[in-house]
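In: Build me a model:
(2 chains)
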There are 2 protein chains.
Amino acid sequence: MNNFTFYNPTKLIFGKGTISSLATEIPSGKRILITFGGGSVKGNGVYDQVKEALKHHTYFEFWGIEPNPSVETLREAIKLGKEKNCDFVLAVGGGSVVDGSKLVAAGIIYSGDPWEIILKRDYTMSKTLPLAAVITLPATGSEMNRGAVISNKATKEKFAFYSDYPVFSILDPETTYTLPQFQVACGLADTFVHVIEQYLTTPGQSPLMDRWAEGILKTIVEIAPKIKKNQSDYDTMSTFMLSATMALNGFISMGVSQDWATHMIGHELTALHGLTHAHTLTIILPGTMRILKDEKRDKILQYGNRIFGIDESNPDKAIELTIRKTEELFISMGFKIKLSENNIGEETISEISKRFKERNFKLGENRSVDWKVAAEILKSVL
Amino acid sequence: MNNFTFYNPTKLIFGKGTISSLATEIPSGKRILITFGGGSVKGNGVYDQVKEALKHHTYFEFWGIEPNPSVETLREAIKLGKEKNCDFVLAVGGGSVVDGSKLVAAGIIYSGDPWEIILKRDYTMSKTLPLAAVITLPATGSEMNRGAVISNKATKEKFAFYSDYPVFSILDPETTYTLPQFQVACGLADTFVHVIEQYLTTPGQSPLMDRWAEGILKTIVEIAPKIKKNQSDYDTMSTFMLSATMALNGFISMGVSQDWATHMIGHELTALHGLTHAHTLTIILPGTMRILKDEKRDKILQYGNRIFGIDESNPDKAIELTIRKTEELFISMGFKIKLSENNIGEETISEISKRFKERNFKLGENRSVDWKVAAEILKSVL
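Out: Residues are numbered from 1 along each chain as shown, chains lettered A, B, ... in the order given. Okay, the predicted model is just below:
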């Protein structure tokens, strides 16, 4: 096991009717900037619950943080927060709203342009306003970690930065009942691949972390078909919501190495073709597994056996069966997992491998995914 | 799933050589009271590492916090801390030292007698000095939770109280190599039964928490025989240490009910006969399972199947097999799991059921363990 430091001070407030706890969780003297996405919270009752809970607080609303939140939009939110002397930020929405609000919480008390904060990459030791979240879409885990990904439309850049943890996050599974089916599928796939990136690495690093990662994977495999049939079952949606948060809050990565090559290749598909992030992961992951099957051999076998119950003595056959099971899982969620099915062809592969070459990328756990290997991965999922 | 609030701000610093990080983790101006147990840290190098790390700090040493720490001893530590104007407490040792130090951290800035703090039971909202720990015996989980159990020799009472979380805890698996084999066995059993108390309850409350609890149980089953053979394998001892902390820090109890009847009956065996806490659990748990086998039927079947691979179609046979496997596990660790093997007889059963009757105890998840059921449990393990 590798040495590690684990620290996660976010308070998780989970369950039916918990949005009302905003009334007591946010100190009464605070001037709150509430940040929202496009407006779905007005349809599902969340907006009304937030307003009711904060009726004795002073707050200001900022609407319109978009998927893949842009610094251009966030500058406007920061401007409003500065004008109103806000000293608390409350994000209400999905992962993009929370991600964007991490920059807003830092930017309101920063004198320069907020993009400078992103360029620092690690802002964890710097001062930000306290941030809290009411999460309505289980997927990114942003509600209980300190990461955020912010885009810059002007420079066509998209960077991750690390800030402070949310002070608290409220997760009410009932808010997920009305989510579009595709968003739910994306949340499930995103959760699954977040875990895979922390799990499908060198075997034997931590038997306990393996079990916990497998616990989330197995749970997603079990609930995905149930959710497809009924998106309003409280226990199933609770399990989904809890799994998404636990997939990227550090609980399954203690003392183990990580990979993230699939994510990095997927990001390019989003940048070039606008594909939803989780969708790109469902396309790339089977390719990563096939091309890196020697490097990841023993862990793929463990994954296949423990998650899909594959009991095939020939390792090559077992690996191929495992990859197919993974593909079938994503297909069952409703994804088109081949590039060609998404009108993406050879020219995109050339473009991505060109970019990787220019940036001298060596990705993945063992830094083995360079521009050539990335091209192989993409070709394998054409 | 039940509504829940999860919060655990303890920073975990884990791995080889991490005791040296005390130098930077404790602010340089602090006046530290370092609390120790009986002196084993002088034999295993931990004391020297702590001294080296804190050579530029101001600190005072208090020695002699005993197993089942008593308020009588802790009053002395508090007196020293007050005299020296200490504003930071560092516990170095096992769970008893950390438990006792929770009272010390509260008591140094409390004007009355420390036993008054215990009688408040919930001291979580009250002010305490910052407490940190260097843990040398994986077992209680005290290094990452806010509970502590303190004894009063004068009044023959033993109560739990809840205080603040340690600010940070340092876990170096190499410190466990020289632990006596019986203490290691106790740590393994304690960890196992901590998980069982949060797991062997109503089924289906949280499939994910089930998987995580099972992850720890399965891990303990796998490492116990390895540790018996070789107590100096770094990876195995790391896994043990991490499992012990994760067993009682709230990570596996989100949204699920708990039991703790086995613990409550076990406490009486310690009180009456001085049996080590973990040893009492290995005696009582099989009895609790047998007597409550109808109430816990489905979960025992799940536990048997997933932890011991029991694949028996007759549920009654499967339950009995599962209980036997649990007994065999404890026996393999070196415990004598029958009351009679420990020179405990009918008169103790009468005394415990008398005490339970007087206190009007109704214990366990469903409050079904009263004095009569407690007696049945004890008789079944005679």
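In: Only C-alpha atoms from now on, for both contacts and neighbour counts.
Out: OK.
In: neighbouring contacts of the lowest-mean-pLDDT helix or strand in chain A?
Out: Least confident helix or strand, chain A: strand A:157-162 with a mean of 88, by mean pLDDT, DSSP states H and E. Applying Cα atoms under 8 Å, 6 or more residues apart in numbering or on different chains, the external contacts of strand A:157-162 come out as A:118-124, A:146-152.
In: what packs against the helix or strand just after it?
Out: Using DSSP states H and E, the helix or strand that follows strand A:157-162 in sequence is strand A:168-171. Here strand A:168-171 touches strand A:11-14, strand A:131-135, going by 3 or more Cα pairs under 8 Å, 6 or more residues apart in numbering or on different chains; DSSP states H and E.
In: OK, contacts around the residue nearest the centre of chain A?
Out: Note on chain A: the residue nearest the mean C-alpha position is A:T140, at 2.4 Å, using Cα atoms, centre = their mean. For A:T140, the contact set (Cα under 8 Å, 6+ apart) comprises A:95, A:187, A:190-191, A:244-245, A:248.
In: What pLDDT does the model give it?
Out: The model reports A:T140 with a pLDDT of 90.
In: Would you mind listing what in the stretch 101-250 of chain A touches chain B?
Out: A:205-208, A:211-212, A:215-216, A:219, A:235, A:238-239, A:243 (Cα under 8 Å from any Cα of the partner chain).
In: what do you get if the cut-off is 10 Å, keeping everything else the same?
Out: For the stretch 101-250 of chain A, the residues in contact with chain B (Cα under 10 Å from any Cα of the partner chain) are A:168-172, A:204-220, A:222-223, A:234-240, A:242-243, A:246.
In: give me the number of residues near the closest residue to A:K127 other than its chain neighbours?
Out: Spatial nearest neighbour of A:K127, chain neighbours left out: A:A106 (6.9 Å); criterion: Cα to Cα, 6 or more residues apart in numbering or on different chains. Counted with other Cα atoms under 10 Å in any protein chain shown, residues neighbouring A:A106 total 22.
In: Was I right to think A:A106 contacts A:T128?
Out: Yes. If you go by Cα atoms under 10 Å, A:A106 and A:T128 touch, sitting 4.2 Å apart.
In: Mutual contacts of those two, please.
Out: Common neighbours of A:A106 and A:T128, using Cα atoms under 10 Å, 6 or more residues apart in numbering or on different chains, are A:89, A:163-164.
In: would you turn these into a markdown table with pLDDT?
Out: Shown next, in a markdown table, are the shared contacts of A:A106 and A:T128 (pLDDT from 0 to 100):
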| residue | pLDDT |
| --- | --- |
| A:V89 | 98 |
| A:S163 | 96 |
| A:D164 | 96 |
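In: among the residues you listed, which ones are buried?
Out: Listed as buried from those are A:89, A:163-164; burial here means 16 or more other Cα atoms under 10 Å in any protein chain shown.
In: for those residues, which one is nearest A:I337?
Out: A:S163 (33.3 Å; Cα to Cα).
In: Hmm, that closest one is touching A:G107, no?
Out: No. With contact defined as Cα under 10 Å, A:S163 does not count as touching A:G107 (11.1 Å).
In: shared neighbours of those two, anything?
Out: If you check A:S163 and A:G107 against Cα under 10 Å, 6+ apart, the residues they both contact are A:117, A:127-128.
In: Where is pLDDT lowest across those?
Out: Ranking the shared contacts of A:S163 and A:G107 by pLDDT, A:K127 lands last with 91.
In: any idea where the strands of the stretch 51-200 of chain A begin and end?
Out: A:58-62, A:88-93, A:131-135, A:147-152, A:157-162, A:168-171 (DSSP state E, counting those that start in this stretch).
In: Enumerate the positions of the fifth one that are buried.
Out: Which is strand A:157-162. Buried residues in strand A:157-162 (16+ other Cα under 10 Å): A:158, A:161-162.
In: Tabulate those in a markdown table, adding columns for distance to A:E295.
Out: Formatted as a markdown table, the buried residues of strand A:157-162 follow (distance: Cα to Cα, whole Å):
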| residue | distance to A:E295 |
| --- | --- |
| A:K158 | 29 |
| A:F161 | 29 |
| A:Y162 | 30 |
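In: Between those residues, which sits nearest chain B?
Out: The shortest gap between chain B and any of the buried residues of strand A:157-162 belongs to A:Y162, at 17.7 Å (Cα to the nearest Cα).
In: Bridged to that closest one, which residues?
Out: A:D122, A:G147 (DSSP bridges).
In: Show the contacting residues for A:W115.
Out: A:70-72, A:74-75, A:103, A:107, A:150-152, A:159.
In: With distance to A:K338 as extra columns, can I get those residues in JSON lines?
Out: What follows is these, written out as JSON lines (distance: Cα to Cα, whole Å):
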{"residue": "A:S70", "distance to A:K338": "29"}
{"residue": "A:V71", "distance to A:K338": "32"}
{"residue": "A:E72", "distance to A:K338": "33"}
{"residue": "A:L74", "distance to A:K338": "34"}
{"residue": "A:R75", "distance to A:K338": "37"}
{"residue": "A:L103", "distance to A:K338": "35"}
{"residue": "A:G107", "distance to A:K338": "40"}
{"residue": "A:I150", "distance to A:K338": "27"}
{"residue": "A:S151", "distance to A:K338": "26"}
{"residue": "A:N152", "distance to A:K338": "29"}
{"residue": "A:F159", "distance to A:K338": "26"}
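In: of all those, which comes closest to A:G304?
Out: Nearest member of those to A:G304, counting by Cα to Cα, is A:F159, at 33.2 Å.
In: State the distance from that closest one to chain B.
Out: Distance of A:F159 to chain B, computed by Cα to the nearest Cα, to the nearest Å: 27 Å.
In: before we move on, what about A:S253?
Out: 12 Å.
In: Was I right to think that residue contacts A:R211?
Out: No. Counting by Cα under 10 Å, A:S253 stays clear of A:R211, with 11.4 Å between them.
In: Now for the two: what residues contact both?
Out: A:Y199.
In: any idea of the mean pLDDT for the longest helix along chain A?
Out: Criterion DSSP state H: the longest helix present in chain A is helix A:207-229. Throughout helix A:207-229, pLDDT has a mean value of 98.
In: just checking, what packs against that helix?
Out: Identification of packing neighbours for helix A:207-229 by 3 or more Cα pairs under 10 Å, 6 or more residues apart in numbering or on different chains; DSSP states H and E yields helix A:181-199, helix A:234-246, helix A:297-308, helix A:315-333, helix B:207-229, helix B:234-246.
In: Can the shortest one be said to contact chain B?
Out: Yep, that's helix A:297-308 we're talking about. No. Judged by Cα under 10 Å from any Cα, helix A:297-308 and chain B are separated, with a smallest distance of 11.3 Å.
In: How about A:R211: what's its closest non-neighbour residue?
Out: B:G215 is the one closest to A:R211 (Cα to Cα, 6+ apart), at 4.9 Å.
In: Run a quick neighbour tally on the one you found.
Out: So B:G215, with other Cα under 10 Å, has 25 neighbours.
In: Is it correct that it is in contact with A:A213?
Out: Yes. B:G215 lies in contact with A:A213 (Cα under 10 Å); the separation is 9.5 Å.
In: Common neighbours of these two, please.
Out: A:P207.
In: Mark out where each domain of chain A begins and ends.
Out: For chain A, automatic domain parsing gives the domain ranges A:11-175, A:180-380.
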